[in-house]
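Chemist: sharing a model prediction with you, sequence too.
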Amino acid sequence: MDPRQQLDALLAPLAAGRATVRVEGERASIILDVSGLSERAREALAAEVEATARTVPGIAGVRVAQTSQRTARRLIAVASGKGGVGKSTVSTNLAAALAAAGRSVGMVDADIYGPSQPRLLGVEGVKPEARDNKLVPVPTAAGVPLLSVGQLVGPDKALAWRGPMATNALTQLIDGDWSGTGTIVVDMPPGTGDVQLTMIQKHKPAGVVIVSTPQDLALIDARRAIDLFRQTGVPVIGLVENMAGYACPHCGEVSDPFGSGGAEAAAAAMGIPFLGRVPLAMAIREASDAGNVAERTAFEGIAARVADWIDHQG
Ligand SMILES: Nc1ncnc2c1ncn2[C@@H]1O[C@H](COP(=O)(O)OP(=O)(O)OP(=O)(O)O)[C@@H](O)[C@H]1O
C-alpha cells in the first residue's frame, strides 16, 4: 500500500466522509469537515487525525485544516442509451481525473445491471460500514470514495431487482455519509428506466454526462437518453464519444475504422457540448481489469471540461 492508501485506510474508521486527503511527496494535507461537531469534539478529532497521519511511513509532514462549511453536494450523473458503451469506465476515469485535479469527488455506482465500480476502483469485496444509519463510503486509491449497489448485494445479484428495490438502493447510496464531498459522480444503469426517473425526480442531479460509441449514436439510443434528461430539465453537460477510433498498442497511432467527427457533429446537431473522444485502447481495458486508473491521459480534457462546467454553475 502506498502512503495515500494507508492514510485513507487509517482515517476511514476515524473520519471517513469528513476527511479530504491530499498527498504530495512526503506531505499530507487533510481538510476536515467538522460541521455538526462541538468545539471539543472538533479539536479532539483534528488531533486524532493528525496523530494518526503521522504514524504513516513515508509521510513526513502533516497539515490538518478544519472547515465547518458543509459542502453542498452536487450530483453529476453519467448515463448512456444502452449497455456496454463504456459508461462505467468513463465514470471512473472522470472521477479520478477530477480528484487528481484536487476536487473532492465521490462515486455512487447505481448500475444495477452491472455494478462494476468496486472492481474498477480496486475495492472489490470491501463492504461499507454504517454510521448513524448512513453508509460510509469506502475509500479508494484513486481518492474517490465509493458506494455501490455491488457492495450491498454482491456484483451478480442486483440484476433481478424490480423497480422499488433498485430505487431504494439508489437513495440509500446517495443519502450515504458524503459530508466533505463536493461532487458525486453517479454511474447510472443504461437506458431510461425507474432508476433514471428516481434520480431525476428525487435526487435532482446538477447535470448529466452522456456516453456513447459512434455506433450507439447511429442507433439513436443515446438520443433517447438525452431527450429524457432534457425534457425533465436536467442540464446535459455534454457528450463523450467512447471507443472512438482504435489506438495501436505499439505506436499509439489512432485510426478511425468508423470514420471520425460523427459524434461531434451529432452533438452539435442536438445542441449539446461535445466533451471529447476516448479511443478504443488496450491500455484502458487492461487498467480497468486491474482495478486501477493509471490510464488517465485520454480523460484529462474531458474532466477539465466537466470541472469548468461545475465552476460555472456557482
Ligand atoms: N475506451 C476503451 N478502450 C478499451 N476498452 C474499453 C474502453 N471503454 C470501455 N472499455 C471496456 O469495455 C467493456 C465495457 O465497458 P464498461 O463496463 O465501462 O461499459 P458500461 O457502458 O458501463 O457497461 P454496462 O452498462 O454493461 O455496465 C469493459 O471491459 C471495459 O474495460
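Modeler: Okay, I see it.
Chemist: and the next element down the chain from the helix-or-strand element of the chain with minimal mean pLDDT?
Modeler: Here the helix or strand of the chain ranked lowest by mean pLDDT, DSSP states H and E is helix 214-218, holding a mean of 70. Next helix or strand after helix 214-218 toward the C-terminus (DSSP states H and E): helix 221-231.
Chemist: any chance you could list what contacts that next one?
Modeler: Outside helix 221-231, the residues that touch it by Cβ atoms under 8 Å, 6 or more residues apart in numbering are 77, 79-82, 191-192, 196, 200, 208, 210, 212, 216-217, 236, 239, 270, 272. Just so you know, the C-beta spots here come from the backbone N, C-alpha and C atoms, and that holds for glycine as well.
Chemist: tally of neighbours for residue 313?
Modeler: 10 (other Cβ atoms under 10 Å).
Chemist: list the contacts for it?
Modeler: Residue 313 neighbours (Cβ under 8 Å, 6+ apart): 74, 206, 207.
Chemist: take these and keep only those in strands.
Modeler: Residues of those located in strands (DSSP state E): 74, 207.
Chemist: of the contacts of residue 313, which is the nearest to the ligand?
Modeler: The ligand has its nearest neighbour among these in residue 207, at 18.7 Å by Cβ to the nearest ligand atom.
Chemist: my guess is the closest one contacts residue 235. True?
Modeler: Yes. Taking Cβ atoms under 8 Å as the definition, residue 207 is a contact partner of residue 235 at 4.4 Å.
Chemist: where's residue 137 relative to the ligand, distance?
Modeler: 20 Å (Cβ to the nearest ligand atom, to the nearest Å).
Chemist: what's the answer for residue 31, then?
Modeler: Distance from residue 31 to the ligand, by Cβ to the nearest ligand atom: 31 Å.
Chemist: cool, residue 95 as well?
Modeler: 13 Å.
Chemist: isn't that residue up against residue 185?
Modeler: Yes. Judged on Cβ under 8 Å, residue 95 makes contact with residue 185 at a distance of 4.4 Å.
Chemist: any shared contact partners between these two?
Modeler: With Cβ under 8 Å, 6+ apart as the test, residue 95 and residue 185 both reach 105, 106, 107, 144.
Chemist: most surrounded residue in the residues you listed?
Modeler: Using other Cβ under 10 Å as the neighbour criterion, residue 107 leads the shared contacts of residue 95 and residue 185 with 32 neighbours.
Chemist: secondary structure class for the residue sitting furthest away from the middle of the chain?
Modeler: Relative to the mean C-alpha coordinate of the chain, counting by Cα atoms, centre = their mean, the farthest residue is residue 40 (33.8 Å). Following DSSP: H, G, I helix; E, B strand; the rest coil, residue 40 is assigned to helix.
Chemist: cool, and residue 210?
Modeler: strand.
Chemist: what's the helix or strand for the closest residue to it other than its chain neighbours?
Modeler: Of all residues not flanking residue 210 in the chain, residue 239 sits nearest, at 5.1 Å (Cβ to Cβ, 6 or more residues apart in numbering). Assessed by DSSP H and E, residue 239 sits inside strand 236-247.
Chemist: touching the ligand at all, the very next helix or strand once past that strand?
Modeler: On the C-terminal side of strand 236-247, the closest following helix or strand by DSSP H and E is strand 254-255. No. Against the ligand, strand 254-255 shows no contacts by Cβ under 6 Å from any ligand atom, the least distance being 11.0 Å.
Chemist: got it, and stretch 277-296?
Modeler: Yes. Stretch 277-296 comes into contact with the ligand (Cβ under 6 Å from any ligand atom), by way of 278, 280, 281, 284, 285, 288.
Chemist: mind listing what's buried along that stretch?
Modeler: 277, 278, 279, 280, 281, 284, 287, 288, 291, 292, 293, 295 (16 or more other Cβ atoms under 10 Å).
Chemist: which ones are touching residue 191?
Modeler: 81, 82, 83, 221, 225.
Chemist: can you pick out the most distant pair from these?
Modeler: Across the contacts of residue 191, no pair lies farther apart than 83 and 225, at 11.8 Å, counting by Cβ to Cβ.
Chemist: so for those two, which sits in the more crowded spot?
Modeler: residue 225 (25 against 14).
Chemist: can you tell me the SS state at the closest residue to the ligand within the stretch 101-250 of the chain?
Modeler: Closest contact between the stretch 101-250 of the chain and the ligand, by Cβ to the nearest ligand atom, is at residue 114 (3.5 Å). Applying three-state DSSP to residue 114 yields a three-state assignment of coil.
Chemist: that one: neighbour count?
Modeler: Using other Cβ under 10 Å, residue 114 has 20 neighbouring residues.
Chemist: circling back to that earlier point, neighbouring strands of the strand holding residue 239 in the sheet, and parallel or not?
Modeler: Using DSSP bridges, strand 236-247 pairs in its sheet with strand 207-212 (parallel), strand 254-255 (antiparallel), strand 274-281 (parallel).
Chemist: how far does stretch 171-189 sit from its chain's centre?
Modeler: On the basis of Cα atoms, centre = their mean, to the nearest Å, stretch 171-189 is displaced by 9 Å from the centre of the chain it belongs to.
Chemist: alright, calling it a day.
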